[in-house]
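> any chance you can model this:
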Amino acid sequence: MRNLLATTALAALLLASGAAAQTPSAELAKPPADAERFVIMSPGGRHGEVLYWTAADGALMARMNLLLRGQAWDEEETVRLGADGAIADYRLRGSSPQGDVAETFSVANGRAVWKSPIDSGSSAYTGPAFYLPAGISLRGSNLPIERLVSGGADVALLPGGKAHAEKLTTATVGTGANAQTVTAWSITGISGTPFAVWTDAKGEVFANIGGLSIIRAGFEGDQPALEKAQDAALAKKSPELARTLVETPAAPVAFYDVRAFVDGKRFAEHQTVVVDKGKIVAVGPVGKVKFPKASRIVDGKGMTLTPGLWDAHMHVGDDYTGPSELSLGVTSVRDPGNNDALTQARRERRAAGELLSPHVYSSSLIDGKGPNTAQIANVATTREEAIQQVDAAKAKGQVGVKFYGTFDPSWVAPAAAEAHKLGLHVHGHVPAGMRPGEAIAAGYDEVTHIYFVAMQAMPDDVVNHSNGIQRFQGVGRYAKDMDLNAEPMKSLIADMAKRGTAVDPTLVVAESLFVPENGDLSPSYAPYVGTLPPTVERGFRQGGFAPADGTTRADFRASFKKLVELVGVMHKAGVPIVAGTDGSGLELVRELELYVEAGFTPAEALAAATSVPARLVGADKHTGTIAVGMDADLVLVDGDPSKTIGDLRHTRLVMMDGKLMEADKLRAAVGVQGRPAFDAAE
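Sure thing, here's the model as predicted:
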């Protein structure tokens with residue numbers, strides 16, 4: 001779920017659609033021996049394949065098998081083109097972690113009609129337009145891109161929107177007789193931000209490169225070079241954003257008559273906050289705070305000034321993640337695992353003023369080797385290699401290490417000891433076969449995801465397979481029955497509070513997986529409907545995982561309710577809670593709304609996205625609060641989050657290191673057309 005503003009096939013891999021029953025694997029089409037093969041891969045290994053062929057009747061066929069960290073997809077596509085070269089008939093069959101993926105589209109008598117697990121609709125069909133499926137569609141999604149590349153003109157999309165392509169760069173792949181030149185294109189209009197696709201000399205899609213890549217078989221070894229070339233080409237556009245979206249004030253800035261969240265603890269009415277040369281130089285009641293006559297005055301009447309928000313769990317996807325997060329008021333990000341080389345490159349470009357980005361506090365993700373290895377992991381196969389990976393994280397300039405589900409439990413203590421010796425923060429998923437209490441005793445400073453905290457009370461079979469689908473299905477089945485005031489949860493919570501072990505709950509992830517049925521509008525995204533491309537907004541109605549046999553959606557919803565309650569109980573006990581999304585960032589305020597539902601006051605919820613994460617990474621001496629001497633990382637929002645925490649969505653001005661940015665301009669730069677609604681029902 002790296003960047004939910006992107007709805008390409010790759011970005012949609014974790015958002016596949018579902019329903020009650022699915023076509024059995026044995027009934028799906030069998031690819032012929034000469035089918036064109038694509039490999040789904042990552043630095044963590046191979047995750048599956050896609051095969052393309054043309055049926056005897058001319059239909060374009062595809063078959064995909066994918067296993068990603070215990071989540072399995074098995075799908076078949078059938079595509080028939082019309083006389084205009086666009087899709088005239090489309091069929092998707094098979095299964096995903098969310099159930100049936102069945103989807104259809106057809107054009108007849110001047111009308112296009114579609115039905116997916118999340119929606120259905122129709123529209124007049126008056127000219128070539130390419131249907132973009134709601135589920136994973138590799139071949140179907142490639143067709144409008146191939147038309148863009150070959151035709152040179154924008155392409156109309158259904159259910160709505162237009163796609164546009166710009167050439168980025170070229171590269172040579174393969175060797176000898178297999179050598180060929182491929183071209184990277186920047187595609188806009190399909191996702192919330194531009195994304196890159198590689199095509200061959202025929203204009204056919206050759207590869208999608210990223211944290212999870214799909215590349216033509218036989219060229220897997222070219223993936224790193226293509227990723228480097230792609231990133232360098234996209235990076236050329238970033239300095240312009242850094243120049244045009246940021247203003248360095250020539251005089252002090254006075255935020256006058258604001259409601260200010262001061263000292264990381266409380267809201268104070270009718271305050272003036274003065275900033276000069278990147279620092280907060282005065283804070284106090286209106287009339288008592290003096291500022292130079294030449295100051296730039298920002299009238300904040302009726303508005304609220306908060307510290308810059310933190311997204312404590314954001315896997316930075318590309319250069320557009322920066323302005324996207326800043327538009328939401330996020331001035332600091334914790335990236336708990338990414339392509340380390342790209343992280344280092346972005347850090348250097350930001351320092352040189354060539355990349356507009358929040359402050360990023362990054363960790364190296366370290367995992368063991370197996371079928372559920374994380375796709376962006378630094379892989380260790382021995383205890384010694386695990387320790388070496390920790391040393392490498394320090395050398396790369398990371399602030400922490402994140403251990404993952406296939407990491408050997410016996411490696412945690414020595415690897416954590418090495419990390420602590422080097423001053424690195426230790427956090428992560430809890431390795432399969434280990435419970436959170438054991439991970440904390442072995443050296444974890446923080447547990448990632450609320451469902452791993454709940455693993456303390458899960459049956460052995462769930463714990464032993466928690467690096468796969470059981471971290472969702474098992475918790476969805478059993479969490480509802482946890483007694484948070486009895487063992488084993490009672491002692492775990494008390495121990496975490498005593499040690500100061502933090503939790504990054506990402507309740508919004510659990511909500512998205514446990515609560516919605518297909519077609520339900522996610523509360524994380526409801527306020528943004530009408531501001532993003534139709535293909536993006538369609539994904540707002542993706543349902544959760546299909547409950548396994550013997551469980552129901554009601555069970556999952558009851559378990560999610562218990563997870564929310566668990567966050568509240570931990571907070572009341574004194575366990576540090578930090579707010580992160582593991583998504584696009586749009587979900588951050590929803591995360592805080594869930595904290596308020598769990599019993600936090602609005603001030604306590606806001607602290608979880610400001611002062612608490614700053615303290616967790618050791619940055620609290622210079623950022624995270626509004627106080628004299630602190631860095632001027634600030635957000636001016638329209639509304640009163642002291643009463644309605646959701647008002648934090650309504651950013652108007654963002655200040656980072658004393659430099660000003662208009663939220664509306666930041667939104668426009670990443671493809672957001674307008675401000676979010678104050679009321680999702682509007």
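> need the longest helix for this protein.
Secondary structure of the chain per DSSP state H: the longest helix is helix 553-573.
> contacts for the helix or strand just after that one?
Later in the chain than helix 553-573, the nearest helix or strand by DSSP states H and E is helix 588-597. Applying C-beta atoms under 8 Å, 6 or more residues apart in numbering, the contact partners of helix 588-597 are 309, 311, 328, 330, 505-508, 511, 523-524, 564, 567-568, 571, 577, 579-581, 602, 604-606, 608-609, 645-646, 648-649. Where you see a C-beta, it was placed from the backbone N, CA and C, and this is true even at glycine.
> still on that earlier bit, could I get the CA-only coordinates of the longest helix of the chain as PDB?
What follows is helix 553-573, C-alpha atoms only, in PDB (Å, rounded to 0.1, in the frame of the first residue of the first chain):
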ATOM      1  CA  ARG A 553     -17.400 -10.200   8.200                       C
ATOM      2  CA  ALA A 554     -19.100  -9.600  11.600                       C
ATOM      3  CA  ASP A 555     -16.300 -11.500  13.300                       C
ATOM      4  CA  PHE A 556     -13.700  -9.400  11.500                       C
ATOM      5  CA  ARG A 557     -15.500  -6.200  12.500                       C
ATOM      6  CA  ALA A 558     -15.800  -7.300  16.100                       C
ATOM      7  CA  SER A 559     -12.100  -8.000  16.100                       C
ATOM      8  CA  PHE A 560     -11.300  -4.600  14.600                       C
ATOM      9  CA  LYS A 561     -13.400  -3.000  17.400                       C
ATOM     10  CA  LYS A 562     -11.300  -4.900  19.900                       C
ATOM     11  CA  LEU A 563      -8.100  -3.700  18.200                       C
ATOM     12  CA  VAL A 564      -9.200  -0.100  18.600                       C
ATOM     13  CA  GLU A 565     -10.000  -0.800  22.200                       C
ATOM     14  CA  LEU A 566      -6.500  -2.300  22.700                       C
ATOM     15  CA  VAL A 567      -4.900   0.900  21.400                       C
ATOM     16  CA  GLY A 568      -7.000   2.800  24.000                       C
ATOM     17  CA  VAL A 569      -6.000   0.500  26.800                       C
ATOM     18  CA  MET A 570      -2.300   0.700  25.900                       C
ATOM     19  CA  HIS A 571      -2.500   4.500  25.800                       C
ATOM     20  CA  LYS A 572      -4.200   4.700  29.200                       C
ATOM     21  CA  ALA A 573      -1.500   2.500  30.600                       C
END
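> can you list the buried residues in that helix?
Buried residues in helix 553-573, defined by neighbour count with 16 or more other C-beta atoms under 10 Å: 553, 555-560, 562-571.
> residue ranges with poor pLDDT in the stretch 51-200 of the chain?
Under the criterion of pLDDT under 70, none of the stretch 51-200 of the chain is flagged as low confidence.
> where exactly do the helices run in it?
Assigned by DSSP state H, counting those that start in this stretch, the helices in the stretch 51-200 of the chain fall at 138-151.
> can you get me a residue count around G278?
Neighbours of G278 under the rule other C-beta atoms under 10 Å: 15.
> swap in N378?
Neighbour tally, N378, other C-beta under 10 Å: 24.
> these two touch, right, it and S363?
No: counting by C-beta atoms under 8 Å, N378 stays clear of S363, with 10.6 Å between them.
> any shared contact partners between those two?
Residues within reach of N378 and of S363 at once, by C-beta under 8 Å, 6+ apart, are A393.
> hey, what's the closest residue to T306 other than its chain neighbours bridged with?
Leaving aside its sequence neighbours, T306 sits nearest to F261 (C-beta to C-beta, 6 or more residues apart in numbering; 4.5 Å). Judged by DSSP bridges, the bridge partners of F261 are F267.
> near F261, how many other residues are there?
Neighbours of F261 (other C-beta under 10 Å): 27.
> do E204 as well
Neighbours of E204 using other C-beta under 10 Å come to 15.
> contacting residues for it?
By C-beta under 8 Å, 6+ apart, the neighbours of E204 are N142, E146.
> gap between D638 and Y528?
16 Å (C-beta to C-beta, to the nearest Å).
> settle it for me: which of these two has more neighbours?
Y528 (24 against 17).
> got the phi/psi numbers for that one?
Backbone geometry at Y528, expressed as degrees, to the nearest 10, gives phi -100, psi 0.
> S116 too?
The phi and psi values for S116, taken as degrees, to the nearest 10, are phi -130, psi 170.
> next up, the contacts around it.
Contact analysis of S116 by C-beta under 8 Å, 6+ apart lists S17, E103, T104, P133, A134, G135.
> pLDDT score for the first one?
As summarised for this prediction, S17 has a pLDDT of 33.
> burial count for L648?
24.
> and V596, how far from I645?
Distance, V596 to I645, by C-beta to C-beta: 5 Å.
> give me the common contacts of those two.
Here V596 and I645 have P602, A605 as joint contacts, going by C-beta under 8 Å, 6+ apart.
> neighbour count for those two, which is higher?
Set V596 next to I645 and count neighbours by other C-beta under 10 Å: I645 wins out with 26 against 17.
> what sits against that one?
Counted by C-beta under 8 Å, 6+ apart, I645 has contacts V589, L592, E593, V596, P602, A605, L606.
> and E604, by the same measure?
H571, Y595 are the contacts of E604 under C-beta under 8 Å, 6+ apart.
> you'd agree it is in a helix?
Yes: counting by DSSP: H, G, I helix; E, B strand; the rest coil, E604 is located in a helix.
> S332 in helix, strand or coil?
S332, by the three-state scheme (three-state DSSP), is strand.
> so which elements touch whichever strand or helix holds R259?
R259 is part of strand 253-262, with elements assigned from DSSP H and E. The criterion is 3 or more C-beta pairs under 8 Å, 6 or more residues apart in numbering; DSSP states H and E, and the helices and strands that strand 253-262 contacts are strand 266-276, strand 296-299, strand 303-307, strand 634-638.
> flag the shaky bits of this protein, pLDDT-wise.
In the chain (pLDDT under 70), the answer is 1-21, 679-682.
> next, the angle from the longest helix of the chain to helix 588-597.
Per axes from the mean of the first three to the mean of the last three C-alpha atoms, to 10 degrees, the angle that helix 553-573 makes with helix 588-597 is 80 degrees.
> let's have the contacts of S116 in TSV, adding neighbour count.
Putting the contacts of S116 into TSV (neighbours: other C-beta atoms under 10 Å) gives the following:
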residue	neighbour count
S17	27
E103	27
T104	17
P133	27
A134	28
G135	26
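> nearest to D257, of those?
For the contacts of S116, the minimum distance to D257 (C-beta to C-beta) is 47.0 Å, reached by A134.
> where exactly do the helices run in the stretch 301-450 of the chain?
321-327, 340-351, 383-395, 409-421, 436-441, 450-453.
> okay if I get these as TSV plus distance to A153?
What follows is these, written out as TSV (distance: least, C-beta to C-beta, whole Å):
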stretch	distance to A153
helix 321-327	28
helix 340-351	32
helix 383-395	47
helix 409-421	53
helix 436-441	55
helix 450-453	47
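> now tabulate those in CSV and tack on mean neighbour count and distance to S491.
Shown next, in CSV, are these (neighbours: other C-beta atoms under 10 Å; distance: least, C-beta to C-beta, whole Å):
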stretch, mean neighbour count, distance to S491
helix 321-327, 27, 37
helix 340-351, 17, 37
helix 383-395, 18, 28
helix 409-421, 19, 20
helix 436-441, 21, 8
helix 450-453, 27, 13
